[in-house]
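Q: got a sequence here, can you model it:
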Amino acid sequence: CASGYYGGTDDADSSGSIEYLQVKYAGYKFSNEDELNGIAFQAVGSGTVLDYIQVHNGSDDGIEFFGGTAGIKHFVVTGASDDSLDWTDGWRGFAQYGVIVQTLFPATDSSRSKDNVIEADNYGKDMDRLPRSNPQIANLTIVSDDGQAILLREGTGLGLYNSVIADD
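A: Below is the predicted model:
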């Protein structure tokens, strides 16, 4: 596994808490297949507290969930150079009270690219693998102009409630 081994069998597991955190200018692209996100949560359980978190100007995805059932509340992602919120590998948590602004970069700036606000999948080519990604998201504000703020692919589900998407 490129990022190490992680996971477990207890969906309610607690990995502790992260509250009132700002992550700025984090992440790094080692290669096209190996990148560091602003924050990556790998199979974190629902007993974990993630509250009042900001990720700003990350070099890859702002926040990414690799499986698990963790929920995040009161979060802001601005200036991610890849997707702002990403999930895969069966994430079944929630996100609530979020603001995401996908920063626009000039076409001449090849070091930074604009991508989707949300990009999500289940397990790559194994779309029916269980548990299936199916997070519940509420009270989310998205600002983007890429014409495709949300890209759901490869078997993921999504419940999206009481949210605003401003996208050209």
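
Q: contacts for the helix or strand of the chain with the lowest mean pLDDT next, please.
A: Sorted by mean pLDDT, DSSP states H and E, the helices and strands of the chain end with strand 28-31, the least confident at a mean of 79. Strand 28-31 has contacts (CB atoms under 8 Å, 6 or more residues apart in numbering) with 35-36, 59-60. In this view, the C-beta of every residue, glycine as well, is placed from N, C-alpha and C.

Q: helices or strands up against the following helix or strand past it?
A: Counting by DSSP states H and E, the next helix or strand C-terminal to strand 28-31 is strand 34-36. In terms of contacts (3 or more CB pairs under 8 Å, 6 or more residues apart in numbering; DSSP states H and E), strand 34-36 is packed against strand 28-31.

Q: follow-up on the earlier one: counting neighbours, which of the contacts of strand 28-31 comes out on top?
A: Each of these was scored by neighbours using other CB atoms under 10 Å; the highest score is residue 60's, at 22 neighbours.

Q: from what I see, that one and residue 80 are in contact.
A: Yes - in this structure residue 60 lies within contact range of residue 80 using CB atoms under 8 Å: 7.4 Å.
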